[in-house]
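Engineer: kindly return the folded structure for what I paste below:
(4 chains)
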Amino acid sequence: MAGPMRIRAASADGVTEVRVLMSHPMETGQRRDSSGEPIPAHYITELTAKHGDKTVLTAYMGPSVSTNPYLAFKFQGGAAGDTVQVSWVDNKGESRTDEVQIR
Amino acid sequence: MNIQRRDTLKAGGGIGVFGLLVAAGMIKPGAAIAARDQAMFSASSLDEAFQAMNAGTPTESGDVQIVGPDIAENGAVVPVGVTSSLANVEQIAIMIEKNPNMLAATFALPAGTLADVQTRVKMGQTSDVFAVVKADGKFFMAKKEIKVTLGGCGG
Amino acid sequence: MKKLMFAAPLALFASVAIASDLEARVEEMMLSSFKANGIASLDRQKRDEIQKACSSPTQPDAETMKRLEAVEMQTIQWPANGDYWQGGSWEEGQRIALSGRGLTWTDNADTVNGGGCYNCHGLDPANESAGTIGPALHGYAKVRGTSEEIVKYTWGKLWNAKAYNACSDMPRNGFGGILSEEQIRHVMAYLFDPASPVNK
Amino acid sequence: MRKKLLATVVGTAAVLAASSMTSAQELNFDEYRQMLRDGNPAELFEMEGEELWVTARGPKNATLEQCDLGLGPGVVEGAAAQMPRYFADTDKVQDLESRLMTCMETLQGIDSKEIIDGRFRQGERGKVAAIVAYVTGQSHGHKINVDLSDPKVKDMYDLGEKAFFYRTGAMDFSCASCHSQDGLRIRATGLPNITTPEGAAEGWGSWPAYRVSNSQFWTMQHRLWDCFRQQRTAEPIFGSDVTIALSVYMAGKGNGGEAVWPGVKR
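Structural biologist: Got it, this is the predicted structure:
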């Protein structure tokens, strides 16, 4: 089970900046372990970020995104105390959702 | 440092909201990903990737910027961002020409989300990085070479 | 003044005693704080004369350096057939120069040791990911030529760098069994072969 | 005389040529590192460590909230910046990792042996690393402040300095082989000069760190362990005197420098 995301969301001058760190191996499927066995691909494929009920970003990822992915983006609106929620799903069907209040 | 542990832990685990949304038919990640995985994420050349995006041959534009270092200390984590001053940007894609998995990520930007995204990508070697931006239905791009060096003494 | 003269030798004696006590304690610590793991045995924690002499911020006096270097010089094995590099392969030499593997506790006795040359030296000018602990050796033979003198010096330096500078940071590749004679010949070819990228 | 002068001139020219070659090869990663600092994945380990700090665990089912890191039970902020330090209850100079072992044993009943004989990133030793991420994060921006006026700390400093220059092993390396000159690199990696206050502060003040090359979080114990591995010595024991002595030497030498904890590294 993947650990929690670290989400920070801060609002200034009508724009909210969201920064997300995800705990995920992002295995490409092209590496081998020490005994020479291929390590199966395991990576986040899709991420959705919502401000309240509104989707503010959808990201589709491939295995070229780094381990423990980082994502930063900005959207208009959002006020201190509002909720930003981030969800991801990976190629094995595992998923995780975390949320944070905008500061 | 103020770690918002409890905020993030509160919503963690289980099937999650994402799963619920999928179950409710509000979003269809499976279908969308399958289409993208086949057509875009398996592209092994720029042309293939452009084709999969229905991008034709994007116009190189000064209104698209790649934010990234000239040289990276390690290819496992290379910060890459894309910004654009174009109006109505609805999609951004990041491609690494010399990677086996050339397309790193695409972003769908609803109205109100700024054309300013950052992530970090793996690079197997020094390569041109491409940013493709879809704005008002048209495709534009920028490219930047990022050098990758080899680090430690055990290699 | 008289008092001071009287006190000084005592203070000197005391500080020498403390220093030698510290020396003994660090030697004890360098054993007791370690454990053997695979090929990395506790024998490695004991120093030979040259390691001991070069274990301080300042190197020994010139005379001691000379004496130590002369001892190391005797350990160099010169190629029996006089083949310093012609029989070597620069491609093999390049692999050895790039590899930093071998002799750690995560290696085993069968691991082919690398020379780790790039850890410290620039060699192929096109390879920017090279260390700077040692001098850059770009265009090695192009700059220095291939006289018998430079060829012999290079072989000797690769075999036992301490023969030329007792406290050199460079490992004693041949003497220490890090590289075989054949591997040293390949590295020599990497440095001297006009076809090697080092000389491009 | 003339010959000697000529030799000096030639020697100087060679030195100049060598130094210009070196500067032409300089690799500047400042921009890269700056971009990684914001959103350092070490934060994921800090979160895990903070959770472990307040979670009741071990045979005694207790939290670490009463752990005394030198500033009194439960005081975490700024504590790591003043370590290693002497602790009267154990009569030992301890670094953060060895002090955490003491707390885990006395408060939670977790056997230190499990950690000492364990493996990095696994089991209880892995948990120690996450707690280190949290605790050092609470000293981020603090000045390194190790008490060298304490004779027991000073004694470890002197031993550490000796150990730093101790040449041994198959390749004759000491710590000083790589870390006693300014501005050098091993491959593309910059090497701080630990024998100067600036270099020591840079080295001590940037570990523990998230390593991008293998996506792992490394404590200073882990860093030292791998330095010795690359030096081709035998294996240093987790929390042993040599690791504490070298830590005191580095931290003490770096006193006054800024702790940028946890760091992010190649």
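
Engineer: doesn't A:Val18 fall inside a strand?
Structural biologist: Yes: secondary structure assignment places A:Val18 in a strand (DSSP: H, G, I helix; E, B strand; the rest coil).

Engineer: tell me how many other residues crowd it.
Structural biologist: Counted with other CB atoms under 10 Å in any protein chain shown, the neighbours of A:Val18 add up to 24. The C-beta positions use only the backbone N, C-alpha and C, and glycine is treated the same way.

Engineer: who's in contact with it?
Structural biologist: For A:Val18, the contacting residues are A:Ile7, A:Arg8, A:Ala9, A:Ala49, A:Val56, A:Leu57, A:Ala72, A:Phe73, A:Lys74, A:Phe75, A:Val84, A:Val86, by CB atoms under 8 Å, 6 or more residues apart in numbering or on different chains.

Engineer: can you give me the helices for chain C?
Structural biologist: Ranges of helices within chain C are C:2-32, C:49-53, C:62-73, C:90-98, C:117-120, C:140-144, C:148-159, C:181-192, based on DSSP state H.

Engineer: right, and A:Thr45 touches A:Glu94 too?
Structural biologist: No: under the criterion of CB atoms under 8 Å, A:Thr45 is not in contact with A:Glu94, lying 10.4 Å apart.

Engineer: neighbour-wise, which of these two wins?
Structural biologist: Shown here are A:Thr45 and A:Glu94; by other CB under 10 Å, A:Thr45 has more neighbours (23 against 14).

Engineer: quick one: strands adjacent to the helix or strand containing that one?
Structural biologist: With elements delineated by DSSP states H and E, A:Thr45 resides in strand A:44-51, which encompasses its position. Based on DSSP bridges, the strands next to strand A:44-51 in the sheet, each with its direction, are strand A:54-61 (antiparallel), strand A:83-90 (antiparallel).

Engineer: in a markdown table, list those along with mean pLDDT.
Structural biologist: Listed next are those as a markdown table, based on pLDDT from 0 to 100:
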| stretch | mean pLDDT |
| --- | --- |
| strand A:54-61 | 96 |
| strand A:83-90 | 97 |
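
Engineer: how about the ones you listed in JSON lines, adding mean neighbour count?
Structural biologist: JSON lines is the format used below for the strands paired with strand A:44-51 (neighbours: other CB atoms under 10 Å in any protein chain shown):
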{"stretch": "strand A:54-61", "mean neighbour count": "22"}
{"stretch": "strand A:83-90", "mean neighbour count": "23"}
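
Engineer: could you dump the ones you listed to JSON lines with distance to D:Trp218?
Structural biologist: JSON lines is the format used below for those (distance: least, CB to CB, whole Å):
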{"stretch": "strand A:54-61", "distance to D:Trp218": "26"}
{"stretch": "strand A:83-90", "distance to D:Trp218": "26"}
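
Engineer: quick one, which of those gets closest to B:Glu145.
Structural biologist: Shortest distance between B:Glu145 and these, using CB to CB, is found for strand A:54-61: 22.9 Å.

Engineer: could you point out which element follows the closest one?
Structural biologist: Once strand A:54-61 ends, the next helix or strand along the chain (criterion: DSSP H and E) is strand A:70-76.

Engineer: so D:Glu31 touches B:Asp70, yeah?
Structural biologist: Yes: with contacts defined as CB under 8 Å, D:Glu31 counts as touching B:Asp70 at a distance of 6.8 Å.

Engineer: strands of the stretch 1-150 of chain D, start to end?
Structural biologist: In chain order, the stretch 1-150 of chain D shows strands spanning D:85-87, D:92-94, with DSSP state E, counting those that start in this stretch as the criterion.

Engineer: closest one to chain C among those strands?
Structural biologist: Counting by CB to the nearest CB, chain C lies closest to strand D:92-94 out of the strands of the stretch 1-150 of chain D; the figure is 12.8 Å.

Engineer: low-confidence stretches in chain A?
Structural biologist: Judged against pLDDT under 70, the low-scoring parts of chain A cover residues A:1.

Engineer: which SS class is the residue of it positioned farthest from its centre?
Structural biologist: Of all residues in chain A, the one whose C-alpha sits farthest from the chain's mean C-alpha position, using CA atoms, centre = their mean, is A:Ser35 at 31.4 Å. Secondary structure state of A:Ser35, per three-state DSSP, is coil.

Engineer: how near is it to C:Met73?
Structural biologist: Going from A:Ser35 to C:Met73 by CB to CB, to the nearest Å gives 45 Å.

Engineer: and D:Leu191, by the same measure?
Structural biologist: In this structure, D:Leu191 and C:Met73 are separated by 30 Å, where distance is defined by CB to CB.

Engineer: more crowded one of these two?
Structural biologist: For D:Leu191 against C:Met73, the residue with the higher neighbour count under other CB under 10 Å is D:Leu191, and the figures read 21 against 14.

Engineer: that one touches D:Leu184, doesn't it?
Structural biologist: Yes: with contacts defined as CB under 8 Å, D:Leu191 counts as touching D:Leu184 at a distance of 4.9 Å.

Engineer: shared neighbours, the two?
Structural biologist: Common contact partners of D:Leu191 and D:Leu184 (CB under 8 Å, 6+ apart): C:Ile133, D:Cys178.

Engineer: torsion angles phi and psi at the closest residue to chain C within chain A?
Structural biologist: When distances are taken as CB to the nearest CB, chain A reaches nearest to chain C at A:Ser34, 10.0 Å away. Dihedral angles of A:Ser34 (phi, psi; degrees, to the nearest 10) stand at phi -60, psi -20.

Engineer: out of the strands of the stretch 1-150 of chain D, flag the one nearest chain B.
Structural biologist: Counting by CB to the nearest CB, chain B lies closest to strand D:85-87 out of the strands of the stretch 1-150 of chain D; the figure is 22.7 Å.

Engineer: tell me the mean pLDDT for that closest one?
Structural biologist: For strand D:85-87, the per-residue pLDDT values average out at 98.

Engineer: pick out the residue in chain C sitting closest to chain B.
Structural biologist: Taking CB to the nearest CB as the measure, chain C has C:Ser129 as its residue closest to chain B, at 4.0 Å.

Engineer: list the contacts for that residue?
Structural biologist: Under the criterion of CB under 8 Å, 6+ apart, the contact list for C:Ser129 reads B:Thr149, B:Leu150, B:Gly151, C:Tyr118, D:Leu27, D:Arg187, D:Ala188.

Engineer: what about 6 Å?
Structural biologist: B:Thr149, B:Leu150, D:Arg187, D:Ala188 (CB atoms under 6 Å, 6 or more residues apart in numbering or on different chains).

Engineer: may I ask which two of those are separated the most?
Structural biologist: Applying CB to CB across the contacts of C:Ser129, the maximum distance is between B:Thr149 and D:Arg187, 7.9 Å.

Engineer: D:Ala201 should be in a strand, yeah?
Structural biologist: No: per three-state DSSP, D:Ala201 lies outside any strand segment and is helix.

Engineer: need the contact list for the nearest residue to it once chain neighbours are set aside.
Structural biologist: Counting by CB to CB, 6 or more residues apart in numbering or on different chains, D:Ala201 lies nearest to D:Gly257, which is 2.2 Å off, once chain neighbours are set aside. Shown in contact with D:Gly257 (CB under 6 Å, 6+ apart): D:Ile144, D:Ala201, D:Gly205.
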